[in-house]
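In: Okay, predicted coordinates and the sequence, questions at the end:
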Amino acid sequence: MFLLWWFRAQNSLFYAQSPKQSCFIVVKFFIIVFSELMFKMGRAFWSAVAAIIGTTIGAGVLALPYAFSQSGYAFGMLNLIIAGGASTFMSLYVGEVALRTKKVSQLSGLAGKYLGANAKKFMFGLQALSIYAALMAYLIGIGVSVSNLIGGPQMFYSTIFFFVFAPIVYFGLKAVEASEALLSGVKVLMAIGLSLILFSSFKPENLLFMDSSKALFPYGASLFACLSFSLIPNIERIMDKKKRDMGKAIVVGMALCVCIYALFTTSFIGAFGKNVQEIATASFDEGWLKVVADLFALVTLTTPFITLSWILKDIFIYDYGWPRPWPWVFAVFPPLLIVLLINPSFIQAVLVSGAYAGSLAGIMICLITLQARKKGEEKPDYVVPWGRKPMAALIVVFLVGMAYTTLQLLGLL
């Protein structure tokens, strides 16, 4: 059935009269396939996919167009594909390790079990750095977006947002699932809709610019945008009795994220070229599109703020045994305090989190997986194929990415 739809879509694309019409045909194809899959897979599967999309698509999607504009579209897309593949493997490895382990643990707990106490502390430090940097980026982006909409100080709006949504994190899994299911769907529809609108201003020549000296500039933003590994132990809980489909949910969720990123970034680079802003939705000068873009930014940043705070709260509960309400307090308040006291830039938070915390966590995940395959307590519902080869490739990617980012920050590139 899927092949029949695909051949029909290809035939329609052949007769398409414009890039905009072609884009509509592709979107229609994916909507048909998605609708069919909705009936075949269960509620738990799509709750997991929604959680992955809701958590993964956040500040990164708003940073990617600017990162692409610095290196050129072709280099940017290559970085995105590599980062998306790397993150998918990272998430699959974490899922495999979680399924091999009896006790419910977050990633730092799994590191402690299979690599020792020092590894647990190091992994917790990486996760905390990654999540705190992401939460800071979300708060900054939300403040900018609301300020663009109605005027006023950015910090004030960041603080108001925090006190409205932080309580959702306190009430746990059901509250998070309910907010994810609603906002994730809105987020995806708005991203696709905004991208299709921008194709009316598409200029193909904007995609031709390339700067080889900045070929890896999008690495940090691309990896940051695609990171989802911290959520995977929670995905195991969401899927409950249907853990056999956990690997499929990870692949589908990540594939949809990368497709949305590619569509969104292509439309913004095609429309704005090198004039795209650090927060892509701030590129609009005025009019109703500016309002829609800022609303999209708000929805995009809200869902991962909730879920990542929830994940960090669970780390304090399950891996360190902290009593309530301290896990919630230390999960949500430090990013707000850092933003208020230091006021870092949006792109700095994104690049540092992706290039360093993301890369180092990826290397640790490979090491944890190797030990879990030797010492695991349970037979997992899936095993990532091809042995150690993907791990070796991932480690090379992460080391090269960190080296490039370091040289870039030192001004040597």
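Out: That came through, no problem.
In: Nearest residue to residue 346 in space, please, no chain neighbours.
Out: Using C-beta to C-beta, 6 or more residues apart in numbering and skipping the chain neighbours, the partner closest in space to residue 346 is residue 140 (5.0 Å). C-beta here means a position set from N, CA and C on the backbone, and glycine is covered the same way.
In: For the one you found, give its distance to residue 153.
Out: If you measure residue 140 against residue 153 using C-beta to C-beta, to the nearest Å, the figure is 13 Å.
In: Over to residue 269?
Out: According to C-beta to C-beta, residue 269 stands 31 Å off from residue 153.
In: So the two - more neighbours on which side?
Out: Using other C-beta atoms under 10 Å, the more surrounded residue of residue 269 and residue 153 is residue 269, with 27 against 11.
In: just how off-centre is whatever helix or strand the more buried one lives in within its chain?
Out: When secondary structure is defined using DSSP states H and E, the element that contains residue 269 is helix 246-272. Chain-centre distance of helix 246-272: 10 Å, with C-alpha atoms, centre = their mean, to the nearest Å.
In: Tell me what angle the next helix or strand along the chain from it forms with helix 246-272.
Out: Read in the C-terminal direction, the helix or strand following helix 246-272 is helix 288-314, with elements assigned using DSSP H and E. Using axes from the mean of the first three to the mean of the last three C-alpha atoms, to 10 degrees, the direction of helix 288-314 lies 150 degrees away from that of helix 246-272.
In: which other helices and strands contact helix 288-314?
Out: Packed against helix 288-314 by the contact rule (3 or more C-beta pairs under 8 Å, 6 or more residues apart in numbering; DSSP states H and E) you find helix 43-56, helix 59-71, helix 117-150, helix 154-170, helix 173-198, helix 232-239, helix 326-342.
In: Quick check: next helix or strand after the second one?
Out: Toward the C-terminal end, the helix or strand that comes next after helix 59-71 (DSSP H and E) is helix 73-99.
In: What residues sit buried inside that following helix?
Out: If you call a residue buried by 16 or more other C-beta atoms under 10 Å, then helix 73-99 has these buried ones: 73, 75-80, 82-99.
In: quick one, which of the helices and strands packed on helix 288-314 is packed in tightest?
Out: Stretch with highest mean neighbour count among those: helix 59-71 (a mean of 28; mean count of other C-beta atoms under 10 Å).
In: For that one, name the packing helices and strands.
Out: Secondary structure elements in contact with helix 59-71, counted by 3+ C-beta pairs under 8 Å, 6+ apart, are helix 73-99, helix 117-150, helix 219-226, helix 246-272, helix 288-314, helix 346-352.
In: Make JSON lines out of these and add mean pLDDT and distance to residue 366.
Out: As requested, the helices and strands packed on helix 59-71 are arranged in JSON lines below (pLDDT from 0 to 100; distance: least, C-beta to C-beta, whole Å):
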{"stretch": "helix 73-99", "mean pLDDT": "96", "distance to residue 366": "7"}
{"stretch": "helix 117-150", "mean pLDDT": "89", "distance to residue 366": "12"}
{"stretch": "helix 219-226", "mean pLDDT": "94", "distance to residue 366": "15"}
{"stretch": "helix 246-272", "mean pLDDT": "94", "distance to residue 366": "16"}
{"stretch": "helix 288-314", "mean pLDDT": "85", "distance to residue 366": "21"}
{"stretch": "helix 346-352", "mean pLDDT": "82", "distance to residue 366": "21"}
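In: residues contacting the spatially most central residue of the chain?
Out: Centre of the chain computed as the mean C-alpha position; nearest residue by C-alpha atoms, centre = their mean is residue 56, 2.4 Å away. Contact partners of residue 56, counting by C-beta atoms under 8 Å, 6 or more residues apart in numbering, are 225-228, 231, 253-254, 257, 304.
In: picking up where we left off before, how close does the residue nearest to residue 346 get to residue 207?
Out: The gap separating residue 140 from residue 207 is 29 Å, by C-beta to C-beta.
In: can you check residue 387 too?
Out: Taking C-beta to C-beta as the measure, residue 387 and residue 207 are separated by 38 Å.
In: now do residue 241
Out: From residue 241 across to residue 207, the span is 46 Å (C-beta to C-beta).
In: So the two - more neighbours on which side?
Out: Between residue 241 and residue 207, counted using other C-beta under 10 Å, residue 207 has the larger neighbour count: 18 against 7.
In: I figured that one hits residue 269, correct?
Out: Yes. Between residue 207 and residue 269 a contact is recorded at 6.2 Å, counting by C-beta atoms under 8 Å.
In: shared neighbours of those two, anything?
Out: In contact with both residue 207 and residue 269: residue 73, using C-beta under 8 Å, 6+ apart.
In: which non-adjacent residue is nearest residue 227?
Out: Taking C-beta to C-beta, 6+ apart as the measure, residue 227 lies nearest to residue 358, with 5.2 Å between them; neighbours along the chain are not counted.
In: three-state assignment of that neighbour?
Out: When the structure is reduced to helix, strand and coil (DSSP: H, G, I helix; E, B strand; the rest coil), residue 358 reads as helix.
In: residues in contact with it?
Out: The contact partners of residue 358, by C-beta under 8 Å, 6+ apart, come to 130, 220, 223-224, 227, 398.
In: Would you format those residues as CSV with distance to residue 198 included?
Out: What follows is those, written out as CSV (distance: C-beta to C-beta, whole Å):
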residue, distance to residue 198
130, 30
220, 25
223, 25
224, 23
227, 26
398, 33
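In: about what we covered before: buried ones in the helix holding residue 269?
Out: By neighbour count with 16+ other C-beta under 10 Å, helix 246-272 contains the buried residues 246-247, 249-250, 252-254, 256-258, 260-272.
In: how long is stretch 233-245 end to end?
Out: Using C-alpha to C-alpha, to the nearest Å, the span of stretch 233-245 from its first residue to its last is 14 Å.
In: Give me the distance from it to the chain's centre.
Out: For stretch 233-245, the separation from the chain centroid amounts to 19 Å (computed by C-alpha atoms, centre = their mean).
In: again with stretch 357-365
Out: 15 Å.
In: Look up how far residue 221 lies from the residue nearest to residue 227.
Out: When distances are taken as C-beta to C-beta, residue 358 and residue 221 turn out to be 11 Å apart.
In: Now residue 381: phi and psi?
Out: Torsion angles at residue 381 (phi, psi; degrees, to the nearest 10) stand at phi -80, psi -20.
In: Kindly tell me how buried the residue nearest to it when sequence neighbours are not counted is, as a neighbour count.
Out: Leaving out its chain neighbours, the residue that sits closest to residue 381 by C-beta to C-beta, 6+ apart is residue 244, at 4.5 Å. Applying other C-beta under 10 Å, we find 12 other residues in the vicinity of residue 244.
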